[in-house]
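[1] Sequence first, then the predicted structure, then my questions.
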Amino acid sequence: SAVISQKPSRDICQRGTSLTIQCQVDSQVTMMFWYRQQPGQSLTLIATANQGSEATYESGFVIDKFPISRPNLTFSTLTVSNMSPEDSSIYLCSVEDPQGTYEQYFGPGTRLTVT
Amino acid sequence: SQKIEQNSEALNIQEGKTATLTCNYTNYSPAYLQWYRQDPGRGPVFLLLIRENEKEKRKERLKVTFDTTLKQSLFHITASQPADSATYLCALDAGGGNKLTFGTGTQLKVEL
């Protein structure tokens, strides 16, 4: 298993600004994932972050809007850039099980409100 | 187009009964399917994984079935308790490694 923490847990931001969300894992993992969960909706994958390479973005998500860093095997950041109220959402990071079982472990999420 | 559908309406059942949640998918050929539990304000928690060559998987009071012909998974909680109240999400591999695509989730309420 893996234990994941995220910072901040919540934030209220003005439109046009950017917020960087941090994700820390207690063990080394190859792949980290960033999801968005809009109010009352399910999870949508934003991108997959591998250490040492560029993140891979899903359809509808672009690097300019959601730049991701993955400096080592236990840490990643997601930035939500030039925010608008439509970006209000919960942002979650997850990691694959270090044992390779395909299970994913999720952080507690960052609740973002854009005014 | 690809779709994963779960009961959109909340499921209310009495304590002690068996809850059955459904996950249907179209235009996917998943190697495995997973079920997660999500409580309000928290991230999803992994419950069970079932592979395409498995018909059924059990873990304590939980049972999952996987019918690749019907493109459906059923998730059962036996002897349900109020503490089982949560949203349950199914997820399947979308190809290309360990990426998951999640269903819409079903909210379960277990009443005394």
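    Structure's in. What do you need? None of the values given here were measured: they were computed from a predicted structure. Residues are numbered from 1 along each chain as shown, chains lettered A, B, ... in the order given.
[2] make it CA atoms for all contacts and neighbour counts henceforth
    Fine.
[3] What's the end-to-end length of stretch A:57-74?
    This stretch, stretch A:57-74, spans 20 Å end to end (Cα to Cα, to the nearest Å).
[4] Just the buried residues of that stretch, please?
    By neighbour count with 16 or more other Cα atoms under 10 Å in any protein chain shown, stretch A:57-74 contains the buried residues A:57, A:63, A:66, A:67, A:68, A:69, A:70, A:73, A:74.
[5] What is the neighbour count of the nearest residue to residue B:79 once chain neighbours are set aside?
    When the adjacent residues along the chain are set aside, residue B:79 lies closest to residue B:16, with 4.1 Å between them (Cα to Cα, 6 or more residues apart in numbering or on different chains). The local packing of residue B:16 (other Cα atoms under 10 Å in any protein chain shown) involves 15 other residues.
[6] related to what we said a few turns ago, restricted to helices, list the buried residues of stretch A:57-74.
    Applying DSSP state H to the buried residues of stretch A:57-74, no entry is found in helices.
[7] Tell me which entries of these lie within strands.
    A:57, A:68, A:69, A:70 (DSSP state E).
[8] As JSON lines, those with distance to residue A:89 and pLDDT would be great.
    JSON lines is the format used below for these (distance: Cα to Cα, whole Å; pLDDT from 0 to 100):
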{"residue": "A:57", "distance to residue A:89": "18", "pLDDT": "96"}
{"residue": "A:68", "distance to residue A:89": "17", "pLDDT": "97"}
{"residue": "A:69", "distance to residue A:89": "20", "pLDDT": "95"}
{"residue": "A:70", "distance to residue A:89": "22", "pLDDT": "95"}
